[in-house]
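Novice: here's my sequence, what's the structure:
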Amino acid sequence: MGEENERVWILITPDKCSGCRLCEVACSLEHEGIIWPEASRIRVFELLPGINVPHTCVQCPDYPCVNSCPTNALSVDEKTGAVLVDEEKCIECGACITACPGKVPRIPIGKGSVVICDLCEGSPKCVEICHEAGHDALILVKGNYRSIYRTFAIDPIEKAQDLTKKVFGEEFLGG
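Specialist: Coordinates of the predicted model:
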């Protein structure tokens, strides 16, 4: 129980996101060695101009992506609770994408495996750059979030629609 309380995850506050996409750049540089936003483990969705929604893995405590993988290419980092990808075992079947409530995992063309946030061993570069840029739309937090994680593990389009209603009003989206 004590270990789970120390789990690390990224709290996203879309209202603070400027849409600069520095998080995507920092992530792809860290993991791929080049600026390749399609292979970034965090993506910023823009449903409407000015409505930017960062989207990444929330490390669901029941790990539906890990449990769905037929080749055991996905595992859980014991220290951080992050999902790890064994690129050699991944067959790009997409079972993890289907199982994920937020549809977070992606298979970038030419990568050869799925990409999922691994929390950069507990020190996510996306969080660092977001703070340095003065936005703090991404914040690293520790603790047990078992009761609220599904609030964050939703489709980015749904998150963007909720933010649009908050910013522009319910009638903007015809609701």
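
Novice: now for this structure, the helix or strand with the poorest mean pLDDT.
Specialist: Counting by mean pLDDT, DSSP states H and E, the chain has its least confident helix or strand at helix 149-152, which shows a mean of 60.

Novice: nearest residue to the residue nearest to the spatial centre of the chain other than its sequence neighbours?
Specialist: Centrality entry for the chain: nearest residue to the mean C-alpha point is Thr56, 0.7 Å, by CA atoms, centre = their mean. Distance criterion CB to CB, 6 or more residues apart in numbering; nearest residue to Thr56, sequence neighbours excluded, is Ile42 at 4.0 Å. Placement of C-beta: from N, CA and C, glycine included.

Novice: OK, contacts around that neighbour?
Specialist: 10, 23-24, 27, 54-56, 117, 126, 138 (CB atoms under 8 Å, 6 or more residues apart in numbering).

Novice: which residues sit against stretch 64-83?
Specialist: The contact list for stretch 64-83, computed with CB under 8 Å, 6+ apart, reads 4, 7-9, 57, 59, 61, 63, 84-91, 93, 95-101, 104-105, 113-114, 116-119, 121-122.

Novice: between the two ends of that stretch, how far is it?
Specialist: In stretch 64-83, first residue to last residue: 11 Å (CA to CA, to the nearest Å).

Novice: tell me the buried residues in that stretch?
Specialist: 65-66, 68-69, 73-74, 80-83 (16 or more other CB atoms under 10 Å).

Novice: need those residues in JSON lines (columns: pLDDT, secondary structure and distance to Glu38).
Specialist: Shown next, in JSON lines, are those (pLDDT from 0 to 100; DSSP: H, G, I helix; E, B strand; the rest coil; distance: CB to CB, whole Å):
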{"residue": "Cys65", "pLDDT": "97", "secondary structure": "helix", "distance to Glu38": "19"}
{"residue": "Val66", "pLDDT": "98", "secondary structure": "helix", "distance to Glu38": "23"}
{"residue": "Ser68", "pLDDT": "98", "secondary structure": "helix", "distance to Glu38": "23"}
{"residue": "Cys69", "pLDDT": "98", "secondary structure": "coil", "distance to Glu38": "21"}
{"residue": "Ala73", "pLDDT": "98", "secondary structure": "coil", "distance to Glu38": "19"}
{"residue": "Leu74", "pLDDT": "98", "secondary structure": "strand", "distance to Glu38": "20"}
{"residue": "Thr80", "pLDDT": "88", "secondary structure": "coil", "distance to Glu38": "24"}
{"residue": "Gly81", "pLDDT": "88", "secondary structure": "coil", "distance to Glu38": "26"}
{"residue": "Ala82", "pLDDT": "93", "secondary structure": "coil", "distance to Glu38": "21"}
{"residue": "Val83", "pLDDT": "96", "secondary structure": "strand", "distance to Glu38": "19"}
